[in-house]
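Peer 1: Generate a structure from the sequence data that follows.
(one chain, ligands or ions: 1)
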Amino acid sequence: MALLRRVWFQIHWFIGITAGSVLVVIGLSGATLSFRAEITDLLNPIPAASAAPALAPPALVARVQAEMPGRRIATVAVSTEPGRAARIGFAPPPGERRGETRFADPATGALLPDPVGEHFFEFVEELHRWLLLPRDDGKPITGSLAGLLLLLALSGLYLRWPRRPFAWRQWLRIDFALRGRAFLWNLHAVVGTVALLAYVVSTTTGMYWAFDGLRKAVDGAAGEGRVVRAERAPADAPVTLDLARVWQAFVDTTGGDWTQVTLRLPARNGTQVEAVYLRTHTEHERARNRLYLQAATGETLRHERYADKPPLGRFVNSIYPLHMGTYWGLPGRIVMMLTSLGLALFAISGWMMYLGRRRTAKAVRAERARLDAVAVPATAGDAGQVLVAFASQTGHAERLALQTASALQAAGVAAVVRPVSALSADALLHFRQVLWVASSFGEGDPSDSARAFAREFARQSGPGLRHLRYGLLALGDRHYATFCGFGRKLDHDLHNQGAQPLFPMVEVDGEDPAALARWHDALRETFGVRDAVWPVSTAPVFDAWRLDGRRLLNAGSQGDPLFEIELRRVSGSDAVNWTPGALVEIVPRQMHDDGAPAPAPRSYSVASIPSDGAVQLLVRQARHDNGLGVASGWLTVGAPMGAELALRLVANPGFALPDDARPCIFIGNGSGFAGLRALLRERARRGHGRNWLVFGERQAAHDGFGADEVAAWQAGGLVARADFVYSRDQAQRVYVQDRLREAGEVLKQWVDEEGAIVFVCGSLEGMAPGVDAALTEVLGESGMDALIAEGRYRRDVY
Ligand SMILES: Cc1cc2nc3c(=O)[nH]c(=O)nc-3n(C[C@H](O)[C@H](O)[C@H](O)COP(=O)(O)O)c2cc1C
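Peer 2: Predicted coordinates:
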């Protein structure tokens, strides 16, 4: 599977960077031709005199012939549209294929100068159809390019096929919140999908004209393109044409039901006139009828009506309007024009992604060289060696894995770097320490090359990795619904197999320098790494905020003090906005100003919603042997009221409410009430009342800080059920996961039958895995998989 994707990917980008630019030329020229007739009309306004009644073809031909004696007129085309110029086609000079075309004033028959813009459009048409090459050389080239565009479109569809193909948002949503490569990818994929149908139509129809063999085969199958031999007079007989009788016969036969007609006049010893006409209510501009009339008498020889054609014949005649989009009227033309222009967008976004990949590949090569330079000799299979395993789609994880290994080597720790795709089933048995760098792709999935490993790894059970200690750097982007999905899954699977974390998983949003610094810190503490140089991207922008309120929520609790902290922005009158479920990152400013090293930002879930008028947090005061936690200590006791701090709001779409009133289950413990409270407040504000809260703390008497607000919601019908689970109010300890098991029936009904979304907020240790296990027990493995796959399991755990 991974191989197949690789092959298609290679095909896609190779065609993209080779044929892409020529396809852009074909696309842009095609778009230019979309409104050729309208533009030509605009450039050539009809002279007022032409508003007089149009001449019938016999008089018209006579006038033109008088003006150009000695030139044989081969075709004359007229229209019932007032003022539209008649078109006169002269027979080609001997030895040439095409004769001259001139326009004539429909009222006077006077030949008009060539319409303005005509030469330009002819040039553009030759560019579009033959790339300005000789026609017979150019045609197969543009035909092949059309084939390549079809392949690009179809391979693109294959490459972007989402895991949940029925979720329309996956297909069609352009997410303007995304940045860099992720945005380019999203744009490329969504616009490509929208344009796909148009490309299938324009390329297949284009190939029909480009390849003569194909056209003949299709025409033959449809019974089209037959040349019907007309009866001929003896070779030396002069042409006998009575155009007045022929025209009268045409008008009689059609009953005046025509809007455009082209009369093909007989040449040499020909005996018939062919009238190709469109009826008043025509399906499209190629729904042509043909009437063959005796040149001398106007007698009808044959009448081929479009309506009488078999379906395949009608289809073949629809190829041109399909190609132009006119088959679907004005909307079709507009779509075709926009999708032709869209080729430029693909080329630009495709090239940008390609160049981005090249840049990353170059950086990866440089990292490899750096790693080789600091190699520490290690005996093969040395269990002291650290394995640095990476799963990377576009190279970022690989680069960080190499940097990590270099940093280890520089600190004298032997390290070996491997892609997870190269890890055999028992490879992990040979190492005692593994550092993973894993990115997520698609919908929180592993990268293509890591899929097989991830599948296999998830299947293993039992404590087979009890000997292993690991660190995990999960790369992702918070704008995706499943932030760091693969990293979290890997963490879960490692844990299940008995491996022990060396330090908590580090999740990186984009290239967040603070998160990378945390990884570096962890390496320093665990392996003594000192001088690694980490890529520092543009630092995120923090605003100045003020500490505006502080309230102890759990006086007398057995647990550490929990405070509600209220913060307001210092300057700027514009309202601060955020989506409920968002996080903040805080740098306690004063500690930084005191000359102490700038502490890395700390993240907290926002416990309020914008209409509350302030950012509220629930902060647990962390107590260590050497004093209070840096940030929590400062926020809960150190900072005087009104103290300033640097803060930024961080979106957390993986923990966002649905737009609709779908049922939601909110599960959490301790300070995790923060995230749940924000979501519940928002649900209450919207009047969406199908909510179930399962919340755990220690004792009702001291830790019941959320109970009143929830009780008020319950009384108002805005919370359907609330379970407060106090672990220490009875002899036996009980936790939220126990309550979930007890209420299994109801839980199943909410999730399976009502499609509820499950939100979990709180501690990663104990609560989150416990809830995970209880949910899996109640819903079953497959039910749980479905919950995750459908994006209905939304967590903010720390
Ligand atoms: C098409 C695309 C899809 C992505 N999907 C996710 C996702 O579902 N969840 C997530 O957290 N990050 C997602 N990301 C972000 C990547 O995980 C992140 O950019 C990472 O740094 C890429 O590392 P890599 O270059 O090693 O693959 C996605 C990125 C792209 C380009």
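Peer 1: show me what contacts whatever residue of the stretch 451-600 of the chain ends up closest to the ligand?
Peer 2: Nearest residue of the stretch 451-600 of the chain to the ligand: Gly476, at 2.3 Å (CB to the nearest ligand atom). (Glycine included, C-beta is placed from N, CA and C.) Contacts were defined as CB atoms under 8 Å, 6 or more residues apart in numbering; by that measure Gly476 touches Ser439, Ser440, Gly444, Phe483, Cys484, Gly485, Gly487, Glu507, Val508, Asp509.
Peer 1: mind running it again at 10 Å?
Peer 2: Applying CB atoms under 10 Å, 6 or more residues apart in numbering, we find Gly476 in contact with 182, 438-441, 444, 482-488, 507-510, 654.
Peer 1: What values do phi and psi take at Leu263?
Peer 2: phi -100, psi 120 (degrees, to the nearest 10).
Peer 1: With Pro57 as the reference, measure out to it.
Peer 2: 6 Å (CB to CB, to the nearest Å).
Peer 1: Residues that sit against both of those two, list them.
Peer 2: If you check Leu263 and Pro57 against CB under 10 Å, 6+ apart, the residues they both contact are Val76, Ala77, Val78, Leu243, Val246, Trp247, Phe250, Val273, Ala275.
Peer 1: Check the residue of the stretch 451-600 of the chain closest to the ligand and give its pLDDT.
Peer 2: Looking at Gly476, its pLDDT is 93.
Peer 1: That one pairs with what?
Peer 2: For Gly476, the beta-bridge partners under DSSP bridges are Asp509.
Peer 1: can you tell me the helix or strand for the residue sitting nearest the centre point of the chain?
Peer 2: Geometric centre of the chain, nearest residue: Asn186, 3.0 Å, by CA atoms, centre = their mean. Assessed by DSSP states H and E, Asn186 sits inside helix 180-210.
Peer 1: what do you get for Leu301?
Peer 2: strand 300-304.
Peer 1: contact partners of that strand?
Peer 2: 228, 230-231, 249-250, 252-254, 271-276, 288-295, 313.
Peer 1: Of those, grab the buried ones for PyMOL.
Peer 2: The following PyMOL line selects those of these that are buried, judged by 16 or more other CB atoms under 10 Å:
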select buried, resi 230+249+250+254+271+272+273+274+275+276+288+289+291+292+293+294+295+313
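Peer 1: so of the contacts of strand 300-304, which ones are in helices?
Peer 2: Ala249, Phe250, Asp252, Thr253, Thr254, Gly313 (DSSP state H).
Peer 1: nearest to the ligand, of those residues?
Peer 2: Taking the ones in helices among the contacts of strand 300-304 together and measuring to the ligand by CB to the nearest ligand atom, the closest member is Gly313, at 45.6 Å.
Peer 1: Would you confirm that the closest one contacts Arg286?
Peer 2: No - here Gly313 does not reach Arg286: they are 11.5 Å apart, not a contact under CB atoms under 10 Å.
Peer 1: May I have stretch 348-361 as CSV, with CA atoms only?
Peer 2: Below are the C-alpha coordinates for stretch 348-361, written out as CSV (Å, rounded to 0.1, in the frame of the first residue of the first chain):
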residue,chain,number,x,y,z
ILE,A,348,2.3,27.5,-8.3
SER,A,349,1.3,25.6,-5.1
GLY,A,350,2.8,22.4,-6.5
TRP,A,351,6.1,24.1,-7.2
MET,A,352,6.1,25.7,-3.8
MET,A,353,5.6,22.3,-2.2
TYR,A,354,8.2,20.8,-4.4
LEU,A,355,10.8,23.5,-3.6
GLY,A,356,9.8,23.1,0.1
ARG,A,357,10.6,19.4,-0.1
ARG,A,358,13.9,20.1,-1.7
ARG,A,359,14.8,22.6,1.0
THR,A,360,13.9,20.0,3.7
ALA,A,361,15.8,17.3,1.9
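Peer 1: how about the longest strand anywhere in the chain: buried residues?
Peer 2: For the chain, the strand that runs over the most residues, judged by DSSP state E, is strand 543-552. Buried residues in strand 543-552, counted by 16+ other CB under 10 Å: Trp545, Arg546, Leu547, Asp548.
Peer 1: Noted, bye for now.
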